[in-house]
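Chemist: next comes the sequence, and after it the predicted model I'd like to discuss.
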Amino acid sequence: MTKTEYPPVHASLSRKPSSLIIPVDSPDANELHDRQQEVANAWRRRNFSSLLRFVPGRVIHPHAKSVQNWNKFFIFLCLFTILLDSLFVFLLYANQVNKCIGVNRTLTKVFITLRSQTGIIYLLYMLHNFRLAYFAPKSQVLVAHPKRVALKYLSGHFLVDFFVVLPLFQVYMWLILDRLHLSFRAHGAAMVLAVAIFFQYMAMLYRVLHAYRFTSFIFQSWWSLCVTNLLGFVFCSHLIGTGWYFLALMRVKKCLRNACGAFWCYKYIYRGQGNDNQRFRYDPISWKRWENNNNASACFGAGYFNYGIYSQAVNLTTESSGPMRYVYSLFWGFQQINVSEVLFTMFITATGLLLFSLLIGDMQNFLQALGRRNLEMSVRHFEVEVWMSRHRLPGKLKKQVRESERYHYAATRGINEPTLLENLPEHLQRDIRRHLFKFVKKLPILADLDDSALDAIRERVEHKTYIKGSKILERGCIINKTLFIMRGELESVGADRIAVPLSEGEVCGEELIKLCLEHSASSKNGERFRIPAQKLISNRTVTCLTNVRAYTVQVADLEEVFSFYSRMVKKSQYKGGFRVNRTKLAWIICRKKRLNQ
């Protein structure tokens, strides 16, 4: 194939770094197009990866303590945001001298700064959700793949969070309320923006309730619940007082508009900065007419306009002290004038009584439950201390016993699960155990067993907690249980001194099930068998590297179950499963040897 010769113009253009001309009949045109496409795809992947780098940290377990703390902080952040936004109402005031509605610009800028900081923290919470693992709804399997986690959040609450984090309130404060003198049309835009802010609050409330569902607010002392309930009561009173002050300010505005009676003086009512009169000098005649308007001056007195339950707030709106306007709004009297005010007062009264009754009821129920639980804890602690003193345990053992008791209480929250299940109907107990103990059927050795046999094993599963440093199995000792690890990390060390890590979702003592299956397959139906002790000798030492939460099945329970269900066990059903797990263990040991080398 002869080389294609280019015209001189091509050669001249090719000298320019920004020019590239490819003849149509060039044999490399398609290849260059494909190469450009690959470069574009690589550029997109590179930029997407660079964006992911801005998302801090790795994928986080949803049950991690940091996630719980984040959710609690997020709830308080949203409540603080609502509190901060409602406080902005008290930056508005009525100027009696100039007969207008003004706003404090200095404090408005401070509020805008604080509100922007809360928005930045909310953005960090959104980035945190991009790295938050989740459990699949159907299989309840933990999904920790970064892309799947990010897509889950993008298809879930991302749009809601994005709407919440929009700076609508900052725009409302800065462009509208701080610039009220721009035009009367701005008030129509303010109303539209206020409606959008209302829906933004609804979205924020939805996210708060959603976060509260997955946050364990468990109060360990009576004062924490009292403070929380009182804060909730004061928060609701704050919102009601804010509404009362705002509605009173709107009544003053309505009175001024009635006194005006025409559009020419509306610009004097909505002033922005109440003491700024420089911009009205271009029309001194109109300003003088408004300044001498007796009806507008009468709006700040008694008898001219029916303010109803807001009559006490008329003088309050002219108060220069912001704290005074806020504190007085929390405590105001009821004076009914018309039907709407009667309904409003009845609603507030009923809401206050309901909140107060809920406060008293919650505190009473909590104090009773807390007192009963504290009594049980005290009795348990006293019995343990007396028992340790009677047997003269050394200080090191006493410390370990106390630590184990504390961790067990923290893991179970003081709830006795077996007693709780015993009070439920049998079919409900079976369904709950199948849901809680799904790991039993996921074990390859037990995957082919009948559901009745698996249910019998689940009935004998016990919850167990181990503190850091506990030895679950020791080399040369008898294996008396199979351990299903739910949380924590362990280390298994064999005779070759090679450590094999064990973590959440893995099983310790699986060979015990294999021995039971072998004896069950060779025994007669219903005949009770016992595994010889020499076969139960462990050749490994298993130690807890952290606090461990697990479920155990004792060897006697396994022997009983497999003796009764021996007719359901066949050698072809468990050999393959055990071979797979034995191969997996050998592969882990081999990989550990290579790393050590």
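Modeler: Arrived safely. Residues are numbered from 1 along each chain as shown.

Chemist: quick one: list the elements packing against whichever helix or strand residue 76 is part of.
Modeler: Using DSSP states H and E, residue 76 falls within helix 65-87. In terms of contacts (3 or more Cβ pairs under 8 Å, 6 or more residues apart in numbering; DSSP states H and E), helix 65-87 is packed against helix 105-129, helix 186-213, helix 222-260. Placement of C-beta: from N, CA and C, glycine included.

Chemist: any chance of those helices in TSV, with mean pLDDT too?
Modeler: Below are those laid out as TSV (pLDDT from 0 to 100):
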stretch	mean pLDDT
helix 105-129	86
helix 186-213	77
helix 222-260	76
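
Chemist: identify whichever of those lies nearest to residue 420.
Modeler: Between residue 420 and the helices and strands packed on helix 65-87, the tightest spacing by Cβ to Cβ is seen for helix 186-213, at 20.9 Å.

Chemist: show me what contacts the residue nearest to residue 480 when sequence neighbours are not counted?
Modeler: In space, and not counting its chain neighbours, residue 480 is closest to residue 555: 5.1 Å by Cβ to Cβ, 6 or more residues apart in numbering. Applying Cβ atoms under 8 Å, 6 or more residues apart in numbering to residue 555 gives the contacts 479, 480, 481, 512, 516, 531, 536.

Chemist: quick revisit: CA atoms only: put the helix or strand that the helix holding residue 76 is followed by into CSV for me.
Modeler: Following helix 65-87 in sequence order, the next helix or strand is strand 92-95 (DSSP H and E). The C-alpha atoms that make up strand 92-95 are tabulated as CSV, following Å, rounded to 0.1, in the frame of the first residue of the first chain:
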residue,chain,number,x,y,z
LEU,A,92,-38.3,41.8,61.7
TYR,A,93,-39.7,44.8,63.6
ALA,A,94,-42.2,47.7,63.2
ASN,A,95,-40.7,51.2,63.2
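
Chemist: so what does strand 92-95 touch, helix or strand wise?
Modeler: Against strand 92-95 (3+ Cβ pairs under 8 Å, 6+ apart) you get strand 100-103, helix 222-260, helix 311-317.

Chemist: show the end-to-end separation of stretch 134-145, please.
Modeler: 10 Å (Cα to Cα, to the nearest Å).

Chemist: so for it, what gets flagged as buried?
Modeler: 134, 144 (16 or more other Cβ atoms under 10 Å).

Chemist: that stretch - what's its average pLDDT?
Modeler: For stretch 134-145, the mean per-residue pLDDT is 76.

Chemist: contacts for that stretch?
Modeler: Applying Cβ under 8 Å, 6+ apart, the contact partners of stretch 134-145 are 59, 61, 62, 133, 149, 152, 438.

Chemist: that older thread, can I get the helices and strands packed on strand 92-95 in TSV with distance to residue 285 and mean neighbour count?
Modeler: Output for the helices and strands packed on strand 92-95, formatted as TSV (distance: least, Cβ to Cβ, whole Å; neighbours: other Cβ atoms under 10 Å):
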stretch	distance to residue 285	mean neighbour count
strand 100-103	18	22
helix 222-260	15	17
helix 311-317	29	19
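
Chemist: can you put these in a markdown table and add distance to residue 351?
Modeler: Shown next, in a markdown table, are the helices and strands packed on strand 92-95 (distance: least, Cβ to Cβ, whole Å):
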| stretch | distance to residue 351 |
| --- | --- |
| strand 100-103 | 28 |
| helix 222-260 | 7 |
| helix 311-317 | 19 |
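
Chemist: and these: which comes nearest residue 501?
Modeler: Ranking the helices and strands packed on strand 92-95 by proximity to residue 501 (Cβ to Cβ) places helix 222-260 first, at 38.5 Å.

Chemist: list the contacts for residue 541?
Modeler: 471, 473, 474, 475, 492, 493.

Chemist: now, of these, which are buried?
Modeler: By neighbour count, with 16+ other Cβ under 10 Å, the contacts of residue 541 hold 473, 492 as buried.

Chemist: I'd like to know which of the contacts of residue 541 is nearest to residue 172.
Modeler: residue 492 (61.5 Å).

Chemist: now that closest one, which residues is it bridged with?
Modeler: In this structure, residue 492 bridges to residue 500, residue 542 when assessed by DSSP bridges.

Chemist: just to revisit the earlier point, of the contacts of residue 541, just say which sits nearest to residue 196.
Modeler: Closest to residue 196, out of all of these and judged by Cβ to Cβ, is residue 492, at 58.8 Å.

Chemist: contacts only, for the closest one.
Modeler: Counting by Cβ under 8 Å, 6+ apart, residue 492 has contacts 473, 499, 500, 501, 502, 508, 540, 541, 542.

Chemist: the first one against residue 539, yeah?
Modeler: No - the criterion here is Cβ atoms under 8 Å, and residue 473 misses it with residue 539 at 9.6 Å.

Chemist: in CSV, list the C-alpha atoms belonging to stretch 299-308.
Modeler: This file holds the C-alpha atoms of stretch 299-308, laid out as CSV (Å, rounded to 0.1, in the frame of the first residue of the first chain):
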residue,chain,number,x,y,z
CYS,A,299,-51.9,51.7,64.0
PHE,A,300,-49.5,51.7,66.9
GLY,A,301,-52.1,52.7,69.5
ALA,A,302,-55.2,51.2,70.9
GLY,A,303,-58.7,51.4,69.6
TYR,A,304,-58.0,52.1,65.9
PHE,A,305,-57.5,48.5,64.7
ASN,A,306,-58.8,45.3,66.2
TYR,A,307,-55.7,43.2,66.9
GLY,A,308,-57.5,40.6,69.0
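
Chemist: let me see the mean pLDDT of that stretch.
Modeler: 74.

Chemist: buried residues in it?
Modeler: Buried-residue list, stretch 299-308, by 16+ other Cβ under 10 Å: 299, 300, 304, 305, 307, 308.

Chemist: pick out the most distant pair among these.
Modeler: Farthest pair in those, by Cβ to Cβ: 300 and 308, 16.1 Å.

Chemist: rewinding a little: which among the helices and strands packed on strand 92-95 is found nearest to residue 368?
Modeler: helix 222-260 (10.5 Å).

Chemist: tilt between that closest one and helix 65-87?
Modeler: Comparing the axes of helix 222-260 and helix 65-87 via axes from the mean of the first three to the mean of the last three Cα atoms, to 10 degrees yields an angle of 30 degrees.

Chemist: can you tell me the SS state at the nearest residue to residue 505 once chain neighbours are set aside?
Modeler: Of all residues not flanking residue 505 in the chain, residue 485 sits nearest, at 6.8 Å (Cβ to Cβ, 6+ apart). Assigned by DSSP: H, G, I helix; E, B strand; the rest coil, the conformation of residue 485 is strand.

Chemist: and residue 296, what does it touch?
Modeler: 99, 256, 259, 260, 290.

Chemist: and it, how far is that from residue 120?
Modeler: 43 Å (Cβ to Cβ, to the nearest Å).

Chemist: any regions of the stretch 401-550 of the chain where pLDDT drops low?
Modeler: 414, 521-528, 533-534 (pLDDT under 70).

Chemist: which parts of it are strands?
Modeler: Taking DSSP state E, counting those that start in this stretch as the test, the strands found in the stretch 401-550 of the chain are 462-466, 471-473, 481-487, 490-493, 499-502, 507-508, 541-544, 548-554.
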